[in-house]
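> sequence-free structure coming up:
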Ligand code: SF4
């Protein structure tokens, strides 16, 4: 496929890896934010192609992984009610809540459906006026415009039986939190290319400036990531700290204005809790009051739910790049993709699942 | 979750004020809404995420990047084959 196959060329990958080897004179810790990038790095063994001085740690960029336990419990509570069709992206079904997961609700006869696009949830609502259709609106800035569009259409059409349980998160506040932490080890970031396709990289320029840290917007294919790493290493070796764009075929500096406009019209910025990390101010999106009729938290009376993470799971440290999945005592033993204890083992983009799937536990244990 | 895949626009129709394209990804064809890429036209490549095109792929930039990368590839070798999916066994 065009724009994919050419970015998997082995010869070029070797050339890039050689360039990184030539440039590097000391140790650097780099973080990719996005779980999709974590998955590519593991799948193509890019970590093993790099010189030992370049260490990759994996960031909190898996929306499934950071959706707070309370939200998963709310989803389960809504999905269990009679007359509700609960609609979600597939990955959320197996994420453990504090007592159950959506998959069990479905297996027990609940109307839980998986869709590819939020517009499919709208179609279900139009076709089933007798059901309350609730869509689980999760994701980063990449997904927010599509979810916003679904709510916008529902309001325009006066669809009274469509609402969204919104748990959107924003990337820059999380990076700011990581960089401000006294435990931070990360010296350079690969910024998420599809988030930046929507948002541009103005915000990353500000982060780079404020914390004097190089940030390179990177794509998702092996060569994209190797080039982004080469650009970061070059900046670090030169003593520069700039925001650069490797993913020029999709990302522009201002981003996609049409997508930003619909996000701004439907959502507003609010505080949000991240699973494993905790409360981060101004790090999420919620529906604006004009869309309250489509806000599942307002439509359903849920009360206050609070929940505790299983103590064994060290996902908090994994999601902040402080420890690797293989450092977790449960990894590959009590916690596997079949019986996940924490969210990073559920989604294919979670660091724990990516390590497990590509046998990093065999290589290291 | 943030995956977006590049595909080629085969045709475009108008429906309820939205432009909807048939987009080809390798052997598969899917619908994608073009609300966020008002300039995209038949023959263009777009990045599609959860049913919406979020950018028009800039093919000139793509080619420039690729030629630059190619000029670096002085070495031959193996090492970039996708790993086996251990869980598929
Ligand atoms: S391996 Fe499982 S228990 Fe350990 S951090 Fe990852 S998700 Fe949590």
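Nice, I can see it. Only a predicted model underlies this, so the values are computations on that prediction, with no experimental measurement involved. Numbers count the residues shown, from 1 in each chain, chains lettered A, B, ... in the order given.
> so after the longest strand seen in chain B, what's the next helix or strand?
Counting by DSSP state E, the longest strand found in chain B is strand B:5-15. Proceeding N to C from strand B:5-15, the next assigned helix or strand is strand B:18-25, under DSSP states H and E.
> any idea how far residue A:353 is from the ligand?
Distance of residue A:353 to the ligand, computed by Cβ to the nearest ligand atom, to the nearest Å: 8 Å. C-beta: built from backbone N, CA, C; applies to glycine.
> which residues touch that residue?
A:337, A:340, A:344-347 (Cβ atoms under 8 Å, 6 or more residues apart in numbering or on different chains).
> list the helices and strands the longest strand of chain B packs on?
Using 3 or more Cβ pairs under 8 Å, 6 or more residues apart in numbering or on different chains; DSSP states H and E, the elements in contact with strand B:5-15 are strand B:18-25, strand B:28-33, strand B:45-49.
> of those strands, which is nearest the ligand?
When these are compared by Cβ to the nearest ligand atom, strand B:45-49 sits nearest the ligand, at 25.6 Å.
> got phi/psi on the closest residue to chain A within chain B?
Using Cβ to the nearest Cβ, residue B:51 is the residue of chain B that sits closest to chain A, at 2.9 Å. Per-residue torsions, residue B:51: phi 90, psi 0 (degrees, to the nearest 10).
> any idea how far the residue nearest to it when sequence neighbours are not counted lies from the ligand?
Sequence neighbours aside, residue A:117 is the residue nearest to residue B:51 in space, at 2.9 Å (criterion: Cβ to Cβ, 6 or more residues apart in numbering or on different chains). According to Cβ to the nearest ligand atom, residue A:117 and the ligand sit 28 Å apart.
> for residue A:117, what are its contacts?
A:146, B:50-52.
> looking at these, which is nearest the ligand?
Scanning the contacts of residue A:117 for proximity to the ligand, where the rule is Cβ to the nearest ligand atom, the winner is residue B:50, at 25.0 Å.
> tally of neighbours for the closest one?
26 (other Cβ atoms under 10 Å in any protein chain shown).
> still on that earlier bit, so which of the contacts of residue A:353 are also by the ligand?
Residues of these in contact with the ligand (Cβ under 6 Å from any ligand atom): A:344-345.
> buried subset of the contacts of residue A:353?
Neighbour counting over those (16 or more other Cβ atoms under 10 Å in any protein chain shown) leaves A:337, A:340, A:344-347 as the buried ones.
> and the furthest pair within the residues you listed?
Distance extremes for the buried ones among the contacts of residue A:353: the farthest pair is A:337 and A:344 at 10.5 Å, using Cβ to Cβ.
> so which of the buried ones among the contacts of residue A:353 sit within helices?
Secondary structure defined by DSSP state H assigns none of the buried ones among the contacts of residue A:353 to helices.
> let's have those in JSON lines, adding distance to residue A:310.
Listed next are the buried ones among the contacts of residue A:353 as JSON lines, based on distance: Cβ to Cβ, whole Å:
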{"residue": "A:337", "distance to residue A:310": "16"}
{"residue": "A:340", "distance to residue A:310": "10"}
{"residue": "A:344", "distance to residue A:310": "13"}
{"residue": "A:345", "distance to residue A:310": "11"}
{"residue": "A:346", "distance to residue A:310": "13"}
{"residue": "A:347", "distance to residue A:310": "17"}
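> which of the residues you listed come close to chain B?
A:337, A:347 (Cβ under 8 Å from any Cβ of the partner chain).
> tell me the one of the buried ones among the contacts of residue A:353 nearest chain B?
residue A:337 (5.9 Å).
> from what I see, that closest one and residue A:346 are in contact.
Yes. Residue A:337 lies in contact with residue A:346 (Cβ atoms under 8 Å); the separation is 7.2 Å.
> name the element the closest residue in space to residue A:284 that isn't next to it in sequence belongs to?
Excluding the flanking residues, the one nearest residue A:284 by Cβ to Cβ, 6+ apart is residue A:272, at 2.7 Å. Counting by DSSP H and E, the element that carries residue A:272 is strand A:267-274.
> next SSE downstream of that strand?
From strand A:267-274, the next helix or strand downstream (DSSP H and E) is strand A:278-287.
> ok, and what's touching the next helix or strand after that following strand?
Using DSSP H and E, the helix or strand that follows strand A:278-287 in sequence is helix A:296-299. When contacts are defined by Cβ under 8 Å, 6+ apart, helix A:296-299 is touched by residues A:74, A:78, A:132, A:134, A:163-166, A:292-293.
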